[in-house]
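> Test case, fold it:
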Amino acid sequence: MEMLSYKICNRLKDAGFPQKTEKYYSVIYDGYYLQPAKEAIVRTDEVIEEHEYTRSCSSPNLSELIKACCKLTDKRFELHRSNTKKYWYAMVKDDKDQDIVALQEDGKSPETATSKLYLKLCPKKPKEK
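From the prediction side, this is the model:
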């Protein structure tokens, strides 16, 4: 199981993905630049948000990502590995015609492909003025 990159986790948070998982990335300003933590930090929200310069986001696992995708669509979710075994494809298919792919995203891991699909399925938030 691969942990998602900080960049993808941050995009998931901005898209409204639930932040109730056990693994988090935490980015703390050190005076020069923002630096992602080298590994997931297992903490509660209160501990993570204690530092005023922290921008934390959860790192969901594959089952959490699949459940979240399924909540956003009534189409059938599928996850496939490519013939070369280098990529994964997360997709939603039309219920009436199983050969029609409604949406598809790829990634080097099933978690990455599924998180990208979630971001595509997510309703766009209106920009704040």
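> dump the residue contacts of the residue nearest to residue 101 when sequence neighbours are not counted.
In this structure, residue 101 finds its nearest non-sequential neighbour in residue 91, 5.0 Å apart by Cβ to Cβ, 6 or more residues apart in numbering. Backbone N, C-alpha and C define where each C-beta goes, glycine included. Going by Cβ atoms under 8 Å, 6 or more residues apart in numbering, residue 91 touches 77-80, 101-105, 117.
> repeat that with 7 Å
Going by Cβ atoms under 7 Å, 6 or more residues apart in numbering, residue 91 touches 78, 101, 103-104.
> Helix or strand for it, just tell me which one.
strand 88-93 (DSSP states H and E).
> What strands flank the next helix-or-strand element following that strand, and is each parallel or antiparallel?
Towards the C-terminus, the helix or strand next in line after strand 88-93, according to DSSP H and E, is strand 101-107. Sheet pairing for strand 101-107, assigned by DSSP bridges, gives strand 88-93 (antiparallel).
> you'd agree residue 93 is up against residue 75?
Yes: with contact defined as Cβ atoms under 7 Å, residue 93 counts as touching residue 75 (6.0 Å).
> so what are the domain limits for the chain?
Here the domain parsing of the chain from automatic domain parsing is 6-58, 62-121.
> Comparing the ones you listed, which yields the minimum mean pLDDT?
In terms of mean pLDDT, the lowest-scoring of those is domain 6-58 (a mean of 62).
> if we can go back for a sec, next, the buried residues of the strand holding residue 91.
Within strand 88-93, the residues scored as buried using 16 or more other Cβ atoms under 10 Å are 88-93.
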